[in-house]
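K.L.:
here is a sequence with its predicted model. Questions after.
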Amino acid sequence: METLNLKNQLFVGSNNRKSLVDLVIPKNFNDKLIVFIHGYMGYKDWGCWNLVENYFTELGYGFSKFNMTHNGGTIENPIDFNDIEAFGENNYSKEVNDLQHVLNWIETQLLSLPEIYLIGHSRGGGIALLSSKDNRVKKIATWAAICDIEKRFPEGTQLKVWKTQGKRYVVNGRTEQKMPNNYSQYENFTENREDLNIEQACLNSTKRTLVIHGDLDTSVDIEEGRNIANWLKTRLFEIEDAEHTFGSTQPWNESEMPEHLQKVCDITNGFFQI
């Protein structure tokens, strides 16, 4: 296969909304293509994700990463969240659907479909697990993944207030924006509870899955990683002294990955090689 280096291409995802996708096929392609799924308030070029791409393509993997259609970014400005209205309208079903559209787009770019491996970080890990029934997916690696969507939502009085007001806000630590979450996100979950059940997806999965979590993660507790590993009847790889992004920050101006993320990539490569 000829080398491909497609950056910031357009795909059409949920609600016919366009977003950006990358696809790199190296000269020494090993016929294994990794699709990377970012997390909440994330995007494909956040922090060290380009270094992660470089790590795997140098080893011969193809690599694709993309922006969720409703992550708050735009085609013109994919890094800062200029479209908070779209962010407010996002939901988990749209993100599962976005991944399907990206896999479809990849099929249009390649003469034959290689083995597809998913890497999902945080919320993206949950999306990867929910996508395990896709026959195109051969293996999955989760990095600090969520195990339960319902626990992301408020309960009791806070839930009632959210319903009454129609929106609730979460502050983005990097941009200091008040990011809206529309109550329709919760409604979508309740309407699609069965399809968005990560535990059931794990119990039903036949795909070999790697589960990695940092033991100092304060964003997604390591107990969620333990739950995922337990449901999948597999080992949890605990990264000692690692937090949610394994040492990566935005911006990341170094030429090398932080030690913890390097270890995560090494473990993931080992898993994908088996």
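P.N.:
Sure thing, it's come through.
K.L.:
just say helix, strand or coil for the spatially closest residue to residue 170 that is not a sequence neighbour.
P.N.:
Leaving out its chain neighbours, the residue that sits closest to residue 170 by CB to CB, 6 or more residues apart in numbering is residue 179, at 5.0 Å. C-betas here are computed from N, CA, C, even on glycine. Assigned with DSSP: H, G, I helix; E, B strand; the rest coil, residue 179 falls in the strand class.
K.L.:
what about residue 179, neighbour count?
P.N.:
By the criterion of other CB atoms under 10 Å, residue 179 has 18 neighbours.
K.L.:
wait, isn't it in contact with residue 85?
P.N.:
No. Using CB atoms under 8 Å, residue 179 is not in contact with residue 85; the gap is 10.8 Å.
K.L.:
output the helix or strand containing residue 267 as CSV, restricted to C-alpha atoms.
P.N.:
Using DSSP states H and E, residue 267 maps to helix 259-273. What follows is helix 259-273, C-alpha atoms only, in CSV (Å, rounded to 0.1, in the frame of the first residue of the first chain):
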residue,chain,number,x,y,z
GLU,A,259,7.2,8.8,31.0
HIS,A,260,3.8,7.5,32.0
LEU,A,261,2.3,8.0,28.5
GLN,A,262,5.3,6.3,27.0
LYS,A,263,4.7,3.3,29.2
VAL,A,264,1.0,3.2,28.2
CYS,A,265,2.0,3.2,24.5
ASP,A,266,4.6,0.5,25.1
ILE,A,267,2.0,-1.7,26.8
THR,A,268,-0.6,-1.0,24.1
ASN,A,269,1.9,-1.9,21.3
GLY,A,270,2.7,-5.1,23.1
PHE,A,271,-1.0,-6.0,23.2
PHE,A,272,-1.6,-5.1,19.6
GLN,A,273,1.4,-7.2,18.5
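K.L.:
now do it: which elements does it pack against?
P.N.:
Counting contacts by 3 or more CB pairs under 8 Å, 6 or more residues apart in numbering; DSSP states H and E, helix 259-273 packs against helix 49-58, strand 137-143, strand 208-214, strand 236-239.
K.L.:
Throw the ones you listed into JSON lines and include distance to residue 262, thanks.
P.N.:
Listed next are the helices and strands packed on helix 259-273 as JSON lines, based on distance: least, CB to CB, whole Å:
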{"stretch": "helix 49-58", "distance to residue 262": "8"}
{"stretch": "strand 137-143", "distance to residue 262": "13"}
{"stretch": "strand 208-214", "distance to residue 262": "13"}
{"stretch": "strand 236-239", "distance to residue 262": "11"}
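K.L.:
for residue 3, report the pLDDT, please.
P.N.:
Note for residue 3: predicted pLDDT of 88.
K.L.:
excluding chain neighbours, what is closest to it?
P.N.:
residue 27 (4.9 Å).
K.L.:
doesn't that neighbour lie inside a helix?
P.N.:
No. Remark: residue 27 does not belong to a helix; assigned using three-state DSSP, it is coil.
K.L.:
give me the number of residues near it?
P.N.:
When neighbours are defined as other CB under 10 Å, residue 27 has 9 of them.
K.L.:
isn't it right up against residue 57?
P.N.:
No. The pair residue 27 / residue 57 is not scored as a contact, 9.6 Å apart, by CB under 8 Å.
K.L.:
and the pLDDT at the residue nearest to residue 3?
P.N.:
Reported pLDDT for residue 27: 96.
K.L.:
for it, give its distance to residue 8.
P.N.:
Per CB to CB, to the nearest Å, residue 27 is found 21 Å from residue 8.
K.L.:
can you check residue 161 too?
P.N.:
In terms of CB to CB, residue 161 sits 40 Å off from residue 8.
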